[in-house]
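J.: pasting a predicted model and its sequence here:
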Amino acid sequence: MAPVGFSTTFLIAAAVLINFAAAFVPSSVHQGATVGVGSNAASATTLGMAESSSDSYDVVKVDLDDERDYPIYIGAEFDEAEAGKILRSHVQGNRALIVTNDRLAPLYLDKYEAMMKEGGDIQVDTVVLPDGEEEKTMDVMMKIIDKALELGLDRKVTFVALGGGVIGDMVGFAAAIYQRGVNFIQIPTTVMAMVDSSVGGKTGVNHPLGKNMVGAFHQPQCVFIDTNTLSTLPDRELQSGIAEVIKYGLIRDADFFEWQEKNMANLLARDSATLRYAIKRSCENKAEVVKADEKEAGVRATLNLGHTFGHAIENGSGYGVWLHGEAVAIGTVMATNMSARMGWIDQGLVKRIYDIMDAAKLPVELPLDSPMNAETFLKVMSVDKKVANGQLRLILLKGELGNCLFTGDFDEQAMKDTIDEFVAECSGAGKVAA
């Protein structure tokens, strides 16, 4: 089948390179690509992102226009008095609403409520939501709005998201729409949220027809990461979050990928210094991309490597069956497979990607009892947020480690062959999607 054309690729790539050349290392833009991202991302200092550190924590700055910059605090040895002072400094009014889930509330809610209340200047209320990806719905998110209205909270309130990606996305969306926008703070408690979803202002809920299809861009006042919360994170969720860490190395930071290959055992063992470095390096990468492309017009889309396939797996299997990072891991391997089919990457890189997923204890294939089939993949992918003018665009790997493309100019048959290979032994393979 002939490759799908994409006429605007060079215009977008040129715009990104011209507008943000001072902000990030120039990358090689391959022919037919909307955006090509080069390897060996520079340090935060080189990129112009303000960064500071102390013995107890690091600070990475997300640099935005209109005085909307905000810090990401990353540490494992926060003094509670200092942590409380940091958090309160980002509350502009005298009311705060902490939102968490029923799994985390017994572990951390009292601690953070006390921190926010210290000094008596801020009145703090709380909301506890049910845990799980299947709860990431409009109805559950509206419980935040209901509570805010019941309490009579005004536009000076600050919502506080205490939890993983589900809580962060829902609280951010509630903050974006409550009285047309109020401030919020992210306190992520999972690797997934720390390295990805808490940074950059993407918020939203799932819809039965697609993941994160209802939402808004709404940036937090700060992101506060205490890596000690990872001590209570189940192993499966830790591994899921590492899928997003691996992503940064694949799409733009080859040195970081090579560091991960050497340090994966320490990451899984929750070594404090290793986790702190991995989270900091991931946040530096994410902050650089968000600075360049806040609303995902081009280069930011590359952060979705594996997500188009992965979101189809989450949706088609039923929300909650797969953790997000697990589905993204399989999706990343599918994108790798497709890239190799088109001759864009060599088999050496393919092997390294399979090896690092295996080292991270992440899935690389669908199980035999999966309901997925080719029709389900194509149906769900057709309404992906990266579809433009009816044309699907994917993030694929091309060239050396650390390079990728966001493009609609790919061999559609290679995509279909990849899907067919991955669903061939699934129980749903012979069924027609509803």
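T.: Sure, I can see it.
J.: show me what the host helix or strand of W259 is in contact with.
T.: Using DSSP states H and E, W259 sits in helix 254-268. With contacts defined as CB atoms under 8 Å, 6 or more residues apart in numbering, helix 254-268 is touched by 39-41, 235, 238-239, 242, 245-246, 248-250, 274-275, 278, 281, 285, 352, 355-356, 359-361, 400-402. In this view, the C-beta of every residue, glycine as well, is placed from N, C-alpha and C.
J.: pull out the buried members of those residues.
T.: For the contacts of helix 254-268, a neighbour count by 16 or more other CB atoms under 10 Å gives the buried set as 39, 41, 238-239, 242, 245-246, 248-250, 274-275, 278, 281, 285, 352, 356, 359-360, 401-402.
J.: the nearest residue to V191 once chain neighbours are set aside: neighbouring residues, count only.
T.: Among residues not flanking V191 along the chain, G241 sits closest, at 2.5 Å (CB to CB, 6 or more residues apart in numbering). Neighbours of G241 under the rule other CB atoms under 10 Å: 29.
J.: for burial, what's the neighbour tally of I167?
T.: I167 has 29 nearby residues by other CB under 10 Å.
J.: pLDDT at it, what is it?
T.: Turning to I167, the model gives it a pLDDT of 98.
J.: so which elements touch the one helix or strand it maps to?
T.: Secondary structure from DSSP H and E places I167 in helix 165-177. Judged by 3 or more CB pairs under 8 Å, 6 or more residues apart in numbering; DSSP states H and E, helix 165-177 is in contact with strand 95-101, helix 138-150, strand 158-163, strand 183-188, strand 202-207, strand 210-217.
J.: secondary structure class for F224?
T.: Look at F224: counting by DSSP: H, G, I helix; E, B strand; the rest coil, its state is strand.
J.: surely it touches L87?
T.: Yes - applying CB atoms under 8 Å as the test, F224 and L87 come out as touching, 6.1 Å apart.
J.: between these two, tell me which one has more neighbours.
T.: F224 (26 against 23).
J.: tell me how far that one lies from T302.
T.: 27 Å (CB to CB, to the nearest Å).
J.: how about R95?
T.: 39 Å.
J.: any regions of this protein where pLDDT drops low?
T.: 1-55, 431-434 (pLDDT under 70).
J.: my read: M357 touches V364, true?
T.: Yes - with contacts defined as CB under 8 Å, M357 counts as touching V364 at a distance of 5.1 Å.
J.: overlap in contacts of those two?
T.: With CB under 8 Å, 6+ apart as the test, M357 and V364 both reach 329, 333.
J.: shouldn't G200 be within a strand?
T.: No - assessed with three-state DSSP, G200 is coil; it does not lie in a strand.
J.: contact partners for it?
T.: 62, 219, 286, 289-290, 294, 300.
J.: repeat that for L87.
T.: So L87 contacts 112, 115-116, 160, 185, 187, 222, 224 (CB under 8 Å, 6+ apart).
J.: pretty sure I122 contacts N94?
T.: Yes - in this structure, I122 is within contact of N94 by CB under 8 Å, at 5.6 Å.
J.: and for K147, the neighbour number?
T.: Neighbours of K147 using other CB under 10 Å come to 16.
J.: to clarify, my last question referred to G310.
T.: 26.
J.: show me what contacts it?
T.: Per CB under 8 Å, 6+ apart, neighbours of G310: 324, 327-332.
J.: mind putting those into JSON lines with neighbour count?
T.: JSON lines is the format used below for these (neighbours: other CB atoms under 10 Å):
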{"residue": "H324", "neighbour count": "27"}
{"residue": "A327", "neighbour count": "28"}
{"residue": "V328", "neighbour count": "30"}
{"residue": "A329", "neighbour count": "30"}
{"residue": "I330", "neighbour count": "25"}
{"residue": "G331", "neighbour count": "24"}
{"residue": "T332", "neighbour count": "28"}
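J.: okay then, goodbye and thanks.
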